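Undergrad: kindly generate the corresponding structure for this input.
(one chain, ligands or ions: 2)
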Amino acid sequence: MEGGDHLAHERKKAQFDVEAMKIVWAGSRHAFEVSDRISKLVASDPAFRKDNRPMLSRKELFKNTLRKAAYAWKRIIELRLSEEEASKLRFYVDEPAFTDLHWGMFLPAIKGQGTEEQQQKWLPLAYKMQIIGCYAQTELGHGSNSSKWWPGGLGKISTHAVVYARLITDGQDHGVHGFIVQLRSLDDHSPLPGITVGDIGMKFGNGAYNTMDNGVLRFDHVRIPRDQMLMKVSQVSREGKYSQSNVPRQLVYGTMVFVRQTIVADASCALSRAVCIATRYSAVRRQFGSQNGGPETQVIDYKTQQSRLFPLLASAYAFRFVGEWLKWLYTDVTQRLQANDFSTLPEAHACTAGLKSLTTAATADGIEECRKLCGGHGYLCSSGLPELFAVYVPACTYEGDNTVLLLQVARFLVKTLSQLGSGKQPVGTTAYMGQVEHLMQCHCNVQKAEDWLKPAVILEAFEARSARMSVACAKNLSKFTNPEEGFAELSGDLVEAAIAHCQLIIVSKFIEKLQQDIPGKGVKQQLGVLCNIYALFLLHKHQGDFLSTGCITPKQAYLANEQLRALYSQARPNAIALVDAFNYTDHYLGSILGCYDGNVYPKLYEAAWKDPLNDSVVPDGYREYIWPMLKQQLRTARL
Ligand SMILES: CCCCCCCCCCCCC/C=C/C(=O)SCCNC(=O)CCNC(=O)[C@H](O)C(C)(C)COP(=O)(O)OP(=O)(O)OC[C@H]1O[C@@H](n2cnc3c(N)ncnc32)[C@H](O)[C@@H]1OP(=O)(O)O
Ligand SMILES: Cc1cc2nc3c(=O)[nH]c(=O)nc-3n(C[C@H](O)[C@H](O)[C@H](O)COP(=O)(O)OP(=O)(O)OC[C@H]3O[C@@H](n4cnc5c(N)ncnc54)[C@H](O)[C@@H]3O)c2cc1C
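TA: Ligands and ions are numbered 1, 2, ... in the order given. Okay, the predicted model is just below:
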């Protein structure tokens, strides 16, 4: 079958209003319209072509990224795009670049940690791209006195950086503070005196994150003007006197809370993209197994394929909604901070750190699973999956290694439990800890598989598991005379307790989403199926936790799995429509396997001939290396 929509029969099976689901996915009609318009604008402009990335050398690749970034900026100005539209445009250009750090970290760091005066001086320059900035925190080795190493945009492009360094006045060390430092001349881009700066070298994967100039930076007697220390949290007077505002010191790390929140939202984009590719291809791909001589089985009908694919589809939606909620939490904490209410900062830190860790780990693993779900073709660059994986996987490390972040969550949980004794009632995402006595002894009330569809049953099982794991850690910690030693010794268990808590947050936010008014025929029902798949898949995967803490019985674990199988069957006819609801253009997907019309095989065949190796029938190197070898074999054979 040539041309046409090869997935039309799948689209007809949908039991819900796909257009309405697109709006739920986007977050609002306005967000949908902006996203739809800008993604099509990017897709229709040949200047944003990206299929040649894996073939380019690092230098060609990097120059191409600079060209695209400059062109994107030109279009933003010409079209007078709003901040929201401009950021969508950069998103759909889909190429990591120095601009991500400029807009994503440099500007937020100044906004969050600079005084009014500092903001007035630096933000207009940065908004007009008259200076380009990066965020320089990480060091080559341990400590804050070796060389900066890793900051994106630093290597070749940034003119300025927010640099984190120790502040010492009168011989007294005041800890890490942020400073705006000019790195390069605004005339000829050469490094300023005393500054050594460059790129740190090739990274994982062809193309992929190599469009970014992650850099190294050293200072030798560089003087930073006093008023370039970011002074919202603490100040140094003209006389060299150090003082602190009446705000928590942790605000110095506020940019990370902001970025981690955006990374959670981004996880749903990356995972949904991989799932869209794997779902469409699984419907196109047929294998043996039909009966009565009918068409062969679509691989999406294999239960094994469904049990690997549908939890990822459900996770993409779950991460979308928890990302939405996290954005709300971040906005709320920001407003509170402005009113000098710092009470929710520890929770915002724990939620952003924990959810960043959980969603990036699941997304990186999920992209790789999607590659395998596409069989051999998933390994071709034209599937889009190898590059997506290579670009995405460092999210498990940047903005805080995922294990280190889970340990931050664990500290927060232990602290929350320890405060129960003094009568402090936990609120927000730890409110359930207030019923710890009930959760320690409650029994799951599931007798038949369908009982697992009740939100209250699911919630209680997840709350009980999380509470029991945290309490077990707290009890074990209390056996150590030195708490830090105990924390280090039990860190493995603490990480698992943190994971259980974060999974509870994601499940509960999905359930809360379903309590909202969601318009559109069948939309809520489909989201209900996905929510149950997400929760029961986690329960099945972590049944060891649920069983060992006595939250459920082996029979109830068996029933959960039975219900999960039934849910897969319900999701099956809607699978293609559920990925169509992401509203991704073929340009953004960048995948032959995931193309909207499902016309995969002719496109794969055609793409193969475009590979530079096929430019000539006889390859370069044949005469030099292969021909003499063949001749040698010929002579040996004759002897
Ligand atoms: C289309 C465009 C899209 C743009 C989107 C933008 C996205 C951009 C894409 C991203 C590109 C990648 C860029 C990557 C950038 C980076 O990686 S920047 C470097 C980030 N580095 C880290 O994250 C390091 C991880 N380590 C930590 O976070 C550590 O906690 C620390 C901050 C280094 C501090 O360590 P330490 O001094 O040892 O203190 P702790 O004991 O850990 O904590 C002390 C108390 O402070 C609390 N706390 C820690 N962090 C925070 C925080 N961020 N906010 C609030 N509070 C925090 C912690 O809980 C402790 O509290 P108490 O227990 O109550 O004392
Ligand atoms: C692509 C990419 C882009 C980046 N961009 C930037 C940027 O723009 N600006 C910037 O400042 N930085 C940037 N980084 C650096 C990034 O923030 C760090 O790599 C990250 O915070 C992890 O720190 P590390 O590399 O020192 O890892 P390490 O801390 O050395 O981790 C190594 C191992 O030790 C374990 N470990 C470390 N500490 C503990 C602990 N306390 N307890 C238990 N286990 C522990 C970790 O789990 C990990 O397994 C980037 C990194 C990457 C990969």
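
Undergrad: up against ligand 1, what does the stretch 401-550 of the chain have?
TA: Contact residues (CB under 6 Å from any ligand atom) of the stretch 401-550 of the chain with ligand 1: 404, 408, 411. All C-beta atoms are positioned from the backbone trio N, CA, C, and that covers glycine.

Undergrad: which strands and helices sit next to the helix or strand that the first one is a member of?
TA: Assigning secondary structure by DSSP states H and E places Val404 in helix 402-420. Contacting helix 402-420 under the criterion 3 or more CB pairs under 8 Å, 6 or more residues apart in numbering; DSSP states H and E are the following elements: helix 345-373, helix 455-477, helix 491-514.

Undergrad: most tightly surrounded among those?
TA: Per-stretch averages of neighbours, counted by mean count of other CB atoms under 10 Å, single out helix 345-373 among these, with a mean of 24.

Undergrad: and Thr196, that's in a strand?
TA: Yes - the secondary structure assignment for Thr196 places it in a strand, going by DSSP: H, G, I helix; E, B strand; the rest coil.

Undergrad: and the gap between it and ligand 1?
TA: To ligand 1, Thr196 is 20 Å away according to CB to the nearest ligand atom, to the nearest Å.

Undergrad: let's verify Thr331: helix, strand, or coil?
TA: helix.

Undergrad: swap in Val176?
TA: Under the three-state scheme (three-state DSSP), the conformation of Val176 reads as strand.

Undergrad: and it, what does it touch?
TA: 144, 164-167, 252 (CB atoms under 8 Å, 6 or more residues apart in numbering).

Undergrad: can you give the domain ranges for this protein?
TA: Here the domain parsing of the chain from automatic domain parsing is 98-246, 599-638.

Undergrad: list just the nearest of the residues of the stretch 401-550 of the chain next to ligand 1 to Ser245.
TA: Among these, Gln408 lies closest to Ser245 (CB to CB), at 23.7 Å.

Undergrad: quick one, what contacts the closest one?
TA: With contacts defined as CB under 8 Å, 6+ apart, the neighbours of Gln408 are 349-350, 353-354, 400.

Undergrad: sorry, back to before: out of the domains of the chain, which gets nearest to Phe462?
TA: Taking CB to CB as the criterion, Phe462 comes closest to domain 98-246 out of the domains of the chain, the separation being 32.3 Å.

Undergrad: endpoint to endpoint, the closest one covers what distance?
TA: Length of domain 98-246, first residue to last, CA to CA, to the nearest Å: 34 Å.

Undergrad: up against ligand 2, what does this structure have?
TA: With CB under 6 Å from any ligand atom as the criterion, the chain meets ligand 2 at residues 101, 135-138, 150-152, 209, 214, 394, 397-401, 403-404, 407.

Undergrad: can you name every helix or strand that the helix or strand Val34 falls within contacts?
TA: Assigning secondary structure by DSSP H and E places Val34 in helix 29-43. Helices and strands touching helix 29-43, as assessed by 3+ CB pairs under 8 Å, 6+ apart, comprise helix 18-26, helix 83-93, helix 586-589.

Undergrad: the helix or strand following that helix packs against which elements?
TA: For helix 29-43, the succeeding helix or strand toward the C-terminus, using DSSP H and E, is helix 58-78. Other elements packing on helix 58-78 under the criterion 3+ CB pairs under 8 Å, 6+ apart are helix 83-93, helix 98-101.

Undergrad: can these go into JSON lines with extra columns for mean pLDDT and mean neighbour count?
TA: As requested, the helices and strands packed on helix 58-78 are exported to JSON lines (pLDDT from 0 to 100; neighbours: other CB atoms under 10 Å):
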{"stretch": "helix 83-93", "mean pLDDT": "98", "mean neighbour count": "18"}
{"stretch": "helix 98-101", "mean pLDDT": "98", "mean neighbour count": "24"}
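
Undergrad: list the contacts of Ala274.
TA: Under the criterion of CB under 8 Å, 6+ apart, the neighbours of Ala274 are 312, 363, 366-367, 370-371, 385, 388.

Undergrad: phi, psi of it?
TA: In terms of degrees, to the nearest 10, the main-chain angles of Ala274 are phi -60, psi -40.

Undergrad: equivalent analysis for Ser422, please.
TA: phi -90, psi 10.

Undergrad: go on, Gln244?
TA: Backbone torsions for Gln244, taken as degrees, to the nearest 10, come to phi -120, psi 140.

Undergrad: what about it, neighbour count?
TA: A count of nearby residues for Gln244, using other CB atoms under 10 Å, gives 11.

Undergrad: so who does the residue lying closest to it once chain neighbours are set aside touch?
TA: Counting by CB to CB, 6 or more residues apart in numbering, Gln244 lies nearest to Ser234, which is 4.4 Å off, once chain neighbours are set aside. When contacts are counted by CB under 8 Å, 6+ apart, Ser234 touches 167, 174, 177, 242-245, 249.

Undergrad: and of the residues you listed, the nearest to Trp325?
TA: Using CB to CB, Arg249 is the member of these that lies nearest Trp325, at 27.2 Å.

Undergrad: sorry, back to before: turn the contacts of Ser234 into CSV, including distance to ligand 1.
TA: Listed next are the contacts of Ser234 as CSV, based on distance: CB to the nearest ligand atom, whole Å:
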residue, distance to ligand 1
Leu167, 14
His174, 13
His177, 12
Tyr242, 18
Ser243, 20
Gln244, 15
Ser245, 16
Arg249, 8
